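Q: would you be able to build a 3D model of this:
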Amino acid sequence: MQLLVNHIGYLYNYPVRVMIQSIEPFDQGEAYVLDATNTRVRNCRYDAGKAIEEWHTGYCAELNLDGLTTGDYTIHVAGHEQAFTVLEHEDYTYLTQIYTSYFTKQRSHGPTDEKDKRSTPIDNPDKVVDLSGGWYDASGDTSKYLSHLSIANFMNPQQIPLVVYVLLSQIELHEGQQKQLLLDEALFGLDFLCRAQDDDGYFYTNVFDNWNKQLETREICAFTTQEGYRNDKYQAAFREGAGMSIAALAKGAKYDKRCLAIAEKGYQHLLTHNATYCEDGLENIIDYYTALMASVELYKAGSTIIQQIDIQHWVDKLIGCQAEDQTVKGYFRSRANLDRPFTHASDEGLPVIALLNAYGVLDNQTLKEQILNTCNRWLSYLLHISQSTYNPYHYPRHYAKPVGHPKTLSFFLPHANETGYWWQGENARLGSLSSAIYQYLSLVPECDQRDKLLELAVAMRNWLFGMNPFDISMVYGEGRNWQQLDDGHAFPNTPGGICNGITASLFSPFDIAMMETDHYRQFWRWSEQWLPHTSWWLMAIGYQQRFEQKELK
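A: Numbers count the residues shown, from 1 in each chain. Predicted coordinates:
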C-alpha cells in the first residue's frame, strides 16, 4: 500500500486530498491524522479501493482532509504513514524564479547560435537569415520551433512564442529582481521573434536539425514523421506559431518599439495568405484561437489595423466550433463542419483563454455574454467527461476521435492520431487547463461550478507535484523521485523544467505509463523536458495569483 500526497505541500483553504493506492484490493476502513506534536487532529474513513479503467497500478481510494490548518501532518492508514504539509500560501516568487531560470538555461548559445546567425532555407541555400537566439525546444532537441506537427493539421502546439507571451504576462505580478528576470528573458525571446519574420511578412516555423544536434544539419524547414523528413513548407500559418508570435510581439511592444510594426505586418500578411500556409489549405480551431489572441493583443497595444469588429470575427469563428452530440454537450469541434472533437496534448485551455481575453476588451454586451456562456458550457463539459468514470485523481479526460475509430472518452491522448507517432505526457495540457479555470473564476467568482472547478485545478497541481500513481514530482529538483526522469543518455534535464509526464501505456491506450521502457525511441514520451510544459505552469500560477488577489478583495 502507498499513501500518495503532494510532495511540496497543499494550500490552505484549498482542497486537501490524499490517495490510498494498493496493488491488492482493500476494504473500507479508518484513518487518522497527527499534527507536528503527534496530536490526533482528524479521524476519517475511506472507501474500498477501486480500479481505474485498466490501469495496472491497482486499486485506490481518495481521502478528503479539507479544512486542515497550516502545518506539518502525518496521515496513518492500515499501518502505513506518510508526512505532508499544508502551506499558508503558494510561494509564487520561488516558483516563478525556478520556472524562468529554466528558460534561461534553454537559451540558444555557443556554436549552435553562431550557426543560426547564417541559417538558410531548405529551398534557397543562397539566402541567409539570422535566426540566432530563442530557446532550444526540449532537453533532447536543440531545434527551435514556433510550432511543429503541422502535417497533422489539428495538433499544432505553441512553442517559442508561447514562452514569450507567458513571460510578458507575468511581469506585472512581480517587483524588483524577479520582475527584471522575467523582463530580461522576455526581451531575449522578443528579439528572436523580430528576426523570425521574413521581409515578405511571414514567420519561419522552424530551425531543424533532425534531432541529431549536428550543426551541419540545421536549416530552415518543416518536417514530417518521427524520421524528420524535411520539406519547404516553413511559412507559418496562424496555427503554426504565427498567431502567438503576433500576440507576443504586440504584448511586448511597450518594451521593444520594433515589435508592433512587425506584429502588424505579420497579421495583415496572414489575412491574405493564412489558408495557403495551412497544410490542408483549410483554417481550423487552432487558427481561430491563435488569431484571436493576436487580434486582442494588437488592439490592446493601440494598433490602428485592428477594430473591435476584427476581434468579433475570430470570436464568432471560435464560438461556432462549440457542439454537442449524443455523448456530451459543450465540446469544441476542430472545425465547425468537421465531426472531430478538439482535444490537445498541450494547449487545450487556450481556446477559453483566448475568448476570455477578448471578453476583456469588447464593448458588445451580447457577445460578451455569449463568450461567458461558451466558456461555462465548455468547462461543464470538461467536468462531465472527467466525472463520468471512476476518477479519484480528478484527472481531466479527453473526448477524441482516434484515426480510424469512432469518438471516445479516454484519460490520455489517443495513440492513433494524425501525426502517426506523436503522443506524450500532458503536463502542458494540465497547465493550460488550470490557467483557463483560474482565469474564468477570476471573471465569474459566483460560478455555480466554482468548487468543482477549483477541485479540478488543485488536483492538476497535486498530480504535477507527486500525487500520481507513480509518486513522482515532475518538476525537476522539487519534491521526490524526479531523479527517475534521468535516463543518462539523450535528455539532460534541468532544474525548474517540467517533463512530458504520464501517458497511456505503449501497449494499451486504457492503461497508464511512466518510464515504461528505457528504449531511446520511446523514453522521450515521459522524461523529456519541453518548453510548453514550464510555460503553461508559469502561466497557471500567474492566473492563480490573480484569482487569489480578487478573492481577498
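Q: contacts, neighbours, all on C-alpha from now
A: Fine.
Q: the stretch 301-450 of the chain: strands as residue ranges?
A: Per DSSP state E, counting those that start in this stretch, the stretch 301-450 of the chain carries strands over the ranges 322-324, 329-335, 338-341, 398-400, 408-410.
Q: mind listing residues that contact the first one?
A: Spelled out, that is strand 322-324. Residues from elsewhere that reach strand 322-324 (CA atoms under 8 Å, 6 or more residues apart in numbering): 329, 330, 331, 332, 333, 336, 374.
Q: related to what we said a few turns ago, make a markdown table from the strands of the stretch 301-450 of the chain and add distance to residue 119, mean neighbour count and mean pLDDT to it.
A: Formatted as a markdown table, these follow (distance: least, CA to CA, whole Å; neighbours: other CA atoms under 10 Å; pLDDT from 0 to 100):
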| stretch | distance to residue 119 | mean neighbour count | mean pLDDT |
| --- | --- | --- | --- |
| strand 322-324 | 41 | 17 | 97 |
| strand 329-335 | 34 | 22 | 98 |
| strand 338-341 | 38 | 17 | 96 |
| strand 398-400 | 38 | 23 | 98 |
| strand 408-410 | 42 | 17 | 96 |
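Q: closest one to residue 246 among those?
A: Minimum separation from residue 246 across the strands of the stretch 301-450 of the chain (CA to CA) falls at strand 329-335, 22.1 Å.
Q: nearest to residue 95, of the strands of the stretch 301-450 of the chain?
A: The minimum distance between residue 95 and those falls on strand 398-400, with 28.2 Å, by CA to CA.
Q: in its sheet, what does that closest one sit against?
A: Sheet pairing for strand 398-400, assigned by DSSP bridges, gives strand 408-410 (antiparallel).
Q: the one residue sitting closest to the centre of the chain: what's it in contact with?
A: Centrality entry for the chain: nearest residue to the mean C-alpha point is residue 428, 2.6 Å, by CA atoms, centre = their mean. The contact partners of residue 428, taken as CA under 8 Å, 6+ apart, are 345, 346, 347, 500, 532, 533, 534, 535, 536, 537.
Q: what's the neighbour count on the second one?
A: Residue 346 sits with 26 neighbouring residues when counted by other CA atoms under 10 Å.
Q: and the fourth one, by the same measure?
A: Taking other CA under 10 Å as the neighbour definition, residue 500 ends up with a count of 30.
Q: do you know the pLDDT at it?
A: Listed pLDDT for residue 500 reads 96.
Q: try the first one
A: On pLDDT, residue 345 comes in at 96.
Q: is it true that it touches residue 426?
A: Yes - shown here, residue 345 and residue 426 form a contact pair, counting by CA atoms under 8 Å, at 5.5 Å.
Q: where's residue 350 relative to residue 179, distance?
A: 25 Å (CA to CA, to the nearest Å).
Q: show me which of those two is the more surrounded one.
A: When residue 350 and residue 179 are compared for neighbours, residue 350 comes out ahead with 22 against 19, by other CA under 10 Å.
Q: which SSE is residue 41 in?
A: Using DSSP states H and E, residue 41 sits within strand 40-46.
Q: show me what the helix or strand residue 290 falls within is packed up against.
A: Assigned by DSSP H and E, residue 290 falls within helix 285-300. Packing contacts for helix 285-300, counted by 3 or more CA pairs under 8 Å, 6 or more residues apart in numbering; DSSP states H and E, involve helix 242-251, helix 259-277, helix 308-319, strand 329-335, helix 350-359.
Q: buried residues in the second one, which are they?
A: Applying a neighbour-count criterion of 16 or more other CA atoms under 10 Å, one finds 259-260, 262-267, 270, 273-275, 277 buried in helix 259-277.
Q: wait, residue 98 touches residue 496, no?
A: Yes - using CA under 8 Å, residue 98 makes contact with residue 496 at a distance of 4.7 Å.
Q: so for the two, which sits in the more crowded spot?
A: Using other CA under 10 Å, the more surrounded residue of residue 98 and residue 496 is residue 496, with 23 against 20.
Q: how about that one, what does it touch?
A: Counting by CA under 8 Å, 6+ apart, residue 496 has contacts 98, 99, 100, 101, 102, 475, 476, 477, 478, 534.
Q: assign a three-state SS to it, would you?
A: Residue 496 falls in the coil class when you classify it by DSSP: H, G, I helix; E, B strand; the rest coil.
Q: what distance do you get for it to residue 163?
A: Distance, residue 496 to residue 163, using CA to CA: 14 Å.
Q: would you point out the helix or strand in the protein whose mean pLDDT is lowest?
A: Confidence across the helices and strands of the chain bottoms out at helix 520-527, with a mean of 85, counting by mean pLDDT, DSSP states H and E.
Q: in that one, what counts as buried?
A: By 16+ other CA under 10 Å, the buried positions in helix 520-527 come out as 523, 524, 525, 526, 527.
Q: identify the residues contacting it?
A: For helix 520-527, contacts defined as CA under 8 Å, 6+ apart pick out 140, 423-425, 485-487, 490-491, 499-503, 514-517.
Q: next SSE downstream of it?
A: Downstream of helix 520-527, the next assigned helix or strand under DSSP H and E is helix 531-552.
Q: which helices and strands sit right next to that following helix?
A: Applying 3+ CA pairs under 8 Å, 6+ apart, we find helix 531-552 packed against helix 92-105, helix 160-170, helix 427-443.
Q: alpha carbons only: can I get the longest one in CSV?
A: Taking Å, rounded to 0.1, in the frame of the first residue of the first chain, the C-alpha atoms of helix 427-443 are listed here in CSV:
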residue,chain,number,x,y,z
ASN,A,427,1.8,18.3,-18.3
ALA,A,428,1.5,21.3,-20.6
ARG,A,429,-2.2,20.5,-21.2
LEU,A,430,-2.8,20.4,-17.4
GLY,A,431,-1.1,23.8,-17.0
SER,A,432,-3.2,25.3,-19.8
LEU,A,433,-6.5,23.9,-18.3
SER,A,434,-5.5,25.1,-14.9
SER,A,435,-4.8,28.6,-16.4
ALA,A,436,-8.2,28.6,-18.1
ILE,A,437,-10.0,27.6,-14.9
TYR,A,438,-8.4,30.3,-12.8
GLN,A,439,-8.9,33.0,-15.4
TYR,A,440,-12.6,32.1,-15.7
LEU,A,441,-13.2,32.0,-11.9
SER,A,442,-11.5,35.4,-11.6
LEU,A,443,-14.1,36.8,-14.0
